[in-house]
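Asker: what's the 3D shape of this:
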Amino acid sequence: MSTVRELSPLGVSAGDFMSQNLVSLLALGMALAFISADRDSLSSRWLALFFVGLGLSIDLNIVVGVQWNVSTALHGWFSLSEGMACVALLEWILLVRRTVPAQDLDVRAGDYVLRLGQVSSGIYCLLSVLFPETRLRDFLGAFNHDGALLRPGFWLFAAPITVIGYASIFSIMLLLNRRPDKPERVRILAMAWAIPCFMVGLVLPLQFDTVAIMLGEIVFLVGSVRYHVLQGQRGQFMSRFLSPQVARLVAERGLKTAMRENLLEITVVCCDLRGFTAYAEAQPSARVLQVLRQYYDVVGAVVAEFGATIKDFAGDGILILVGAPIPMQQHAQCGIEMARRIRAVGVALTGECSTATHTLGIGVGVASGAVTVGVIGATSRLEYTAVGSAVNLASRLCEQAAHAEILLDGRTVELAGALPDGTRLEARAPLSVKGFSRQIVYYAAPA
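Answerer: Residues are numbered from 1 along each chain as shown. Next up is the predicted model:
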């Protein structure tokens, strides 16, 4: 039975084994870094699997296959590591594609091409198992030979690898056509530059394939570091106003699933400042902005604590969704408790910011009902929104609320039942509200 050393054209030295080990360890280290950085993300797990496959491929084909002089037949099975890497890479691209809004673009072609690439990975592995000697002699390190491109054995294996490479790059180009945000664009472009390095590493002479694969790893590592830095900066800013659950949902299921249009029963909380218009006219603009920043900060902290989502800032008004996009069973109770906390921090803040001539206050409105939630907007900008009578009613009740007052509609009270601390809600006379044909039954929550 022939062995790898007999067929291998590589002429491997001890120094070559060391360099290959280093490249393999770098790939495995990158896999560990990606999985530890975001282990809950399915796309991160596939990315880590790609680098595991890459690292194993280098070790098995060169370090184990040549140094241990294994049989040629066994060496054919080592190709499964390369196949695993290719399938994982294409699956990662597919998952990333699904997190970027496609708008009106037809995404089926890109998905089909990626699946074709994964099928080609299986074909490559099958050919390697069936013709291990041909793979060793004519394909791996093929450019050690003169006239390597003229050998039929070379093209037997180069054909599926070429399909995999073209499938990857073609799908990435289609993905860039969707105009992803800057962090994702940086990472995608880094992978687009790295893929050719990984592919040619299979056929280059040993003294060059190490450099090619290492270059690909470094290019993608730099792009990934930049991606995480930009994501961290954006997340640090957005987490002050949005629920952390939203970011986690997007990471786990992708933007398309997380932001799919849906009909949910939720609780809407609206708050705004009393006397703000007169206050803003009398105070320097810098002072007004400072007050607004403090107001957004304290309310945003409360919203994050309760796992709700700020839908909109409009001057001194803030609109908050409880139960969307993450459904929440006790959304009414949570909305009431959150409204009370907002009132408490708002009363403290407005007391500090009021002047002798201009007094600030805060009012809160709460309403529950079925609303349609989803993404709207133009190609250049998307916004998560909610449409329904509960949104309008919360805003109208907020307008009616006096300073330090929380007004709640009947549906919220019905869903919430008794408050945990035994606080009794005060029933008010039905109210005629703009935009509603019937009078609204509502309640007030005492301070």
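
Asker: what about the stretch 201-350 of the chain, any weak spots by pLDDT?
Answerer: Scanning the stretch 201-350 of the chain for pLDDT under 70 picks out 233-260.

Asker: one more time with 90, if that's ok
Answerer: Low-confidence segments of the stretch 201-350 of the chain, defined by pLDDT under 90: 201-213, 224-264, 304-305, 307, 309-315, 324-329.

Asker: can you pull out the helices in it?
Answerer: Using DSSP state H, counting those that start in this stretch, the helices of the stretch 201-350 of the chain run over 206-238, 244-253, 255-258, 276-282, 285-305, 331-353.

Asker: export these to JSON lines and tack on distance to residue 428 and mean neighbour count?
Answerer: Just so you know, the C-beta spots here come from the backbone N, C-alpha and C atoms, and that holds for glycine as well. JSON lines is the format used below for the helices of the stretch 201-350 of the chain (distance: least, Cβ to Cβ, whole Å; neighbours: other Cβ atoms under 10 Å):
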{"stretch": "helix 206-238", "distance to residue 428": "37", "mean neighbour count": "17"}
{"stretch": "helix 244-253", "distance to residue 428": "34", "mean neighbour count": "16"}
{"stretch": "helix 255-258", "distance to residue 428": "38", "mean neighbour count": "16"}
{"stretch": "helix 276-282", "distance to residue 428": "24", "mean neighbour count": "15"}
{"stretch": "helix 285-305", "distance to residue 428": "25", "mean neighbour count": "16"}
{"stretch": "helix 331-353", "distance to residue 428": "16", "mean neighbour count": "20"}
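
Asker: would you list those helices in TSV and tack on distance to residue 401?
Answerer: Shown next, in TSV, are the helices of the stretch 201-350 of the chain (distance: least, Cβ to Cβ, whole Å):
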stretch	distance to residue 401
helix 206-238	28
helix 244-253	28
helix 255-258	33
helix 276-282	14
helix 285-305	15
helix 331-353	9
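
Asker: Compare these and give me the one nearest residue 110.
Answerer: Across those, residue 110 has its closest neighbour in helix 255-258 (13.6 Å, Cβ to Cβ).

Asker: Can you give the domain ranges for the protein?
Answerer: Domains of the chain are assigned by automatic domain parsing as 4-238, 244-445.

Asker: May I see the buried residues of stretch 130-147?
Answerer: Using 16 or more other Cβ atoms under 10 Å as the test for burial, stretch 130-147 gives 131-142, 144.

Asker: Narrow the residues you listed to those in helices?
Answerer: 132, 133, 134 (DSSP state H).

Asker: Next, work out how far apart the last one and residue 140 are.
Answerer: Separation of residue 134 from residue 140 (Cβ to Cβ, to the nearest Å) stands at 10 Å.

Asker: coming back round to it: relative to residue 168, which of the helices of the stretch 201-350 of the chain is closest?
Answerer: helix 206-238 (12.2 Å).

Asker: From the contact counts, what lies against the closest one?
Answerer: helix 14-37, helix 182-200 (3 or more Cβ pairs under 8 Å, 6 or more residues apart in numbering; DSSP states H and E).

Asker: Mind giving me the packing neighbours of the first one?
Answerer: On a contact count with 3+ Cβ pairs under 8 Å, 6+ apart, helix 14-37 meets helix 42-58, helix 206-238.

Asker: quick one: which of the ones you listed is nearest residue 315?
Answerer: Nearest of the helices and strands packed on helix 14-37 (Cβ to Cβ): helix 206-238, 19.8 Å.

Asker: what angle separates the closest one from helix 14-37?
Answerer: On the basis of axes from the mean of the first three to the mean of the last three Cα atoms, to 10 degrees, helix 206-238 is oriented at 20 degrees to helix 14-37.

Asker: Helix 182-200 and helix 206-238, what's the angle between them?
Answerer: 170 degrees.

Asker: quick thing: my sequence starts at 503, can you match it?
Answerer: Will do, 503 is the new start, and the previous item becomes helix 708-740.

Asker: for this structure, what's the longest strand?
Answerer: Secondary structure of the chain per DSSP state E: the longest strand is strand 863-880.

Asker: Could you list every helix and strand that that strand packs against?
Answerer: Looks like strand 863-880 contacts strand 764-776, helix 833-855, strand 883-889, helix 891-902, strand 907-911, helix 912-918 (3+ Cβ pairs under 8 Å, 6+ apart).

Asker: List the buried residues in that strand.
Answerer: 863-871, 873, 875-877.

Asker: got it, and stretch 646-660?
Answerer: 646, 650, 653, 655, 656, 658, 659, 660.

Asker: export the residues you listed to TSV and tack on secondary structure, distance to residue 581 and pLDDT?
Answerer: As requested, these are exported to TSV (DSSP: H, G, I helix; E, B strand; the rest coil; distance: Cβ to Cβ, whole Å; pLDDT from 0 to 100):
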residue	secondary structure	distance to residue 581	pLDDT
646	helix	19	74
650	helix	19	70
653	coil	18	83
655	helix	14	85
656	helix	15	87
658	helix	13	92
659	helix	9	90
660	helix	14	90
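
Asker: Dump those to a markdown table, plus distance to residue 844.
Answerer: Output for the buried residues of stretch 646-660, formatted as a markdown table (distance: Cβ to Cβ, whole Å):
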| residue | distance to residue 844 |
| --- | --- |
| 646 | 71 |
| 650 | 71 |
| 653 | 73 |
| 655 | 72 |
| 656 | 69 |
| 658 | 68 |
| 659 | 64 |
| 660 | 64 |
